[in-house]
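# what follows is a predicted structure for the sequence shown.
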Amino acid sequence: MPRIVTYNVHRCVGNDRRLDVPRIADVLATLQPDIVALQELDVGRARTNHVDQAHEIAERLRMVGHFHPAMRVEEELYGDAILTAYPETLIQTGPLPGHPRIAQLEPRGALWIEAEIEGSPVQVINTHLGLVPKEQQVQAACLAGPSWLEHPRFAGPRILLGDFNATATSVVYRTLAAKLEPARRLAPKKTPTATFPSPLPVLRIDHIFVSREIVVQDVFVPFDPPWRVASDHLPLVMDFTIAGSRG
């Protein structure tokens, strides 16, 4: 059964303030994921020893990775990635708009791959929205529009996931839930899925949204001690099958 994970890795700096890229890969490996959407990765940045975190985690998981730098500071990059062991094609990467009246906010973006799963092409978009509600709403509206969720190629089995920095009561969540179904709502068994802050999670701000072709089997958050230290977020995990697949 395919398994997808979304995880904000906090530039691989844990709650113990230790920079540890292998630790992130190791905790992810315990989940045996097939697709991993990561947020807050550093690539070539002085503050994290110039490591290409996206590449190193992908190598350790024996996956192929695609990284999108939401922010560039000369040669230093910061952004999000999708890793997978499935046959895949990068479809699109791009920035998300900020709020026109709020300057100096951290740039945000999204990336989209097509993965072949159980004989079916599955569209997967990973994103990380801003911290300010008005900014988030502009970004969610962009995601919901013709460049992303309404793009002609974004069809068939579809998954949108990431760190939305917004709860299920927000305008952002309602905007995206009008286009795709929240996976947690479809899960046969309801379990706690708060992901932040990781030592004592109380907020559900990481989400997975799916189309009707994605048959959700389980949505859960691992609460084991290693996860509570590795990053300031916990990962959100979904097991699923694809309706009518040949797998």
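It's in. Just so it is clear, the structure is predicted and the values come from calculations on it, not from any experiment.

# tell me the strands beside the helix or strand bottoming out on mean pLDDT in the chain, with direction?
For the chain, counting by mean pLDDT, DSSP states H and E, strand 64-73 ranks last in confidence among helices and strands (a mean of 92). In the sheet, strand 64-73 lines up against strand 76-84 (antiparallel) (DSSP bridges).

# can I get the CA coordinates of the strand it pairs with in CSV?
Provided in CSV are the C-alpha atoms of strand 76-84 (Å, rounded to 0.1, in the frame of the first residue of the first chain):
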residue,chain,number,x,y,z
GLU,A,76,22.3,29.9,-0.7
LEU,A,77,18.9,28.3,-1.2
TYR,A,78,16.0,27.5,1.1
GLY,A,79,12.8,25.7,0.2
ASP,A,80,10.8,22.5,-0.3
ALA,A,81,11.2,19.1,-1.9
ILE,A,82,9.4,16.0,-3.0
LEU,A,83,11.3,12.7,-2.8
THR,A,84,10.1,9.4,-4.1
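
# next SSE downstream of that strand?
strand 88-96 (DSSP states H and E).

# what comes up buried for that next one?
Using 16 or more other Cβ atoms under 10 Å as the test for burial, strand 88-96 gives 88, 91-93, 95-96. Bear in mind the C-beta positions are built from the backbone N, C-alpha and C, glycine included.

# look up phi and psi at the residue of the chain most remote from its centre.
Using Cα atoms, centre = their mean, the residue of the chain lying farthest from its centre is R101. It sits 27.1 Å away. Main-chain torsions, R101, degrees, to the nearest 10: phi -100, psi 0.

# how far off strand 88-96 does the least confident helix or strand of the chain point, in degrees?
For strand 64-73 against strand 88-96, the angle by axes from the mean of the first three to the mean of the last three Cα atoms, to 10 degrees is 20 degrees.

# just how off-centre is strand 64-73 within its chain?
Put simply, strand 64-73 sits 13 Å off its chain's centre (Cα atoms, centre = their mean, to the nearest Å).

# and the contacts of that strand?
The contact list for strand 64-73, computed with Cβ atoms under 8 Å, 6 or more residues apart in numbering, reads 41, 43, 45, 54-55, 57-58, 77-85, 88, 90, 93-95, 106-111, 113, 128.

# show me which of those residues are buried.
Looks like the contacts of strand 64-73 have 41, 43, 45, 54-55, 57-58, 77-84, 88, 93, 95, 108-111, 113, 128 buried, using 16+ other Cβ under 10 Å.

# ok, for L131, nearest residue in space, not its chain neighbours?
N165 (5.6 Å; Cβ to Cβ, 6 or more residues apart in numbering).

# roughly how far does that neighbour sit from P201?
When distance is defined by Cβ to Cβ, to the nearest Å, N165 is 14 Å away from P201.

# buried sites along the strand or helix carrying R174?
According to DSSP H and E, R174 maps onto helix 171-177. Buried positions in helix 171-177, judged by neighbour count with 16+ other Cβ under 10 Å: 172-173, 175-176.

# any idea which of those is closest to T193?
The closest of the buried residues of helix 171-177 to T193 turns out to be Y173 (Cβ to Cβ; 13.0 Å).

# buried sites along the longest helix anywhere in the chain?
Ranked by residue count under DSSP state H, the longest helix found in the chain is helix 133-144. Under the neighbour-count criterion of 16+ other Cβ under 10 Å, helix 133-144 has 135-140, 142-144 buried.

# paired strands for the helix or strand following that helix, with orientation please.
Later in the chain than helix 133-144, the nearest helix or strand by DSSP H and E is strand 158-163. Here strand 158-163 is paired, per DSSP bridges, with strand 120-128 (parallel), strand 206-210 (antiparallel).

# return the shortest one as PDB; C-alpha atoms alone will do.
Presented in PDB, the C-alpha positions along strand 206-210 are these (Å, rounded to 0.1, in the frame of the first residue of the first chain):
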ATOM      1  CA  ASP A 206       0.100  20.300   8.300                       C
ATOM      2  CA  HIS A 207      -2.600  18.900   5.900                       C
ATOM      3  CA  ILE A 208      -3.200  16.400   3.100                       C
ATOM      4  CA  PHE A 209      -6.000  17.000   0.500                       C
ATOM      5  CA  VAL A 210      -6.900  14.400  -2.100                       C
END
